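1. Next input, structure requested:
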Amino acid sequence: MARGGFPGGPGGMDMGALLKQAQKMQADMAKAQEELKDEVVDASAGGGMVKVKVSGDLVLQSIEIDPDAVDPEDVEMLQDMVLAAINEGIRAAQERAESKLGGLTGGLGGGLGLPGM
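-> The predicted structure is shown next:
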């Protein structure tokens with residue numbers, strides 16, 4: 001039976017070309033995600049008393065704590081600074097990933113394989 005006059009598929013779309021485009025986008029995304037592993041963002045809290053480095057694929061690379069931040073009488077303050085620095089590092093890394101991968105997805109967002117995206 002005829003397809004109703006739609007060359008190449010429904011709506012005149014060339015399904016082969018569409019598939020090639022999707023495969024290219026997938027390959028570009030995989031390459032960009034691999035490159036993000038090598039990108040590192042820095043974040044800090046407590047006026048620089050706690051510094052962290054987070055990779056673009058959201059792996060905590062390092063934590064640096066200024067010895068002056070260690071007060072045995074106020075461990076909670078240090079805990080709060082560490083938590084704040086890590087959260088800021090994750091936020092910055094996600095922002096970098098969104099800017100790098102967003103152009104590839106046309107702003108589709110989800111499905112980037114990174115938490116929170």
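2. Could I get the pLDDT score of residue 30?
-> Residue 30 carries a pLDDT score of 85 in this model.
3. Look up which helix or strand it falls in, please.
-> helix 15-36 (DSSP states H and E).
4. so what does that helix touch, helix or strand wise?
-> Judged by 3 or more C-beta pairs under 8 Å, 6 or more residues apart in numbering; DSSP states H and E, the packing partners of helix 15-36 are helix 75-105. Where you see a C-beta, it was placed from the backbone N, CA and C, and this is true even at glycine.
5. before we move on, back to that, convert the helix holding residue 30 to PDB, keeping the C-alpha atoms and dropping everything else.
-> Taking Å, rounded to 0.1, in the frame of the first residue of the first chain, the C-alpha atoms of helix 15-36 are listed here in PDB:
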ATOM      1  CA  MET A  15      14.400   8.900   8.400                       C
ATOM      2  CA  GLY A  16      18.000   8.000   7.400                       C
ATOM      3  CA  ALA A  17      19.100  11.600   7.600                       C
ATOM      4  CA  LEU A  18      17.300  12.000  10.900                       C
ATOM      5  CA  LEU A  19      19.000   8.900  12.300                       C
ATOM      6  CA  LYS A  20      22.500  10.200  11.200                       C
ATOM      7  CA  GLN A  21      21.800  13.600  12.800                       C
ATOM      8  CA  ALA A  22      20.800  11.800  16.100                       C
ATOM      9  CA  GLN A  23      23.900   9.600  16.000                       C
ATOM     10  CA  LYS A  24      26.100  12.700  15.400                       C
ATOM     11  CA  MET A  25      24.500  14.500  18.300                       C
ATOM     12  CA  GLN A  26      25.000  11.500  20.500                       C
ATOM     13  CA  ALA A  27      28.700  11.300  19.500                       C
ATOM     14  CA  ASP A  28      29.200  15.000  20.100                       C
ATOM     15  CA  MET A  29      27.600  14.700  23.500                       C
ATOM     16  CA  ALA A  30      29.800  11.800  24.500                       C
ATOM     17  CA  LYS A  31      32.900  13.800  23.400                       C
ATOM     18  CA  ALA A  32      31.800  16.900  25.300                       C
ATOM     19  CA  GLN A  33      31.100  14.800  28.500                       C
ATOM     20  CA  GLU A  34      34.500  13.200  28.200                       C
ATOM     21  CA  GLU A  35      36.100  16.700  27.900                       C
ATOM     22  CA  LEU A  36      34.300  17.900  31.000                       C
END
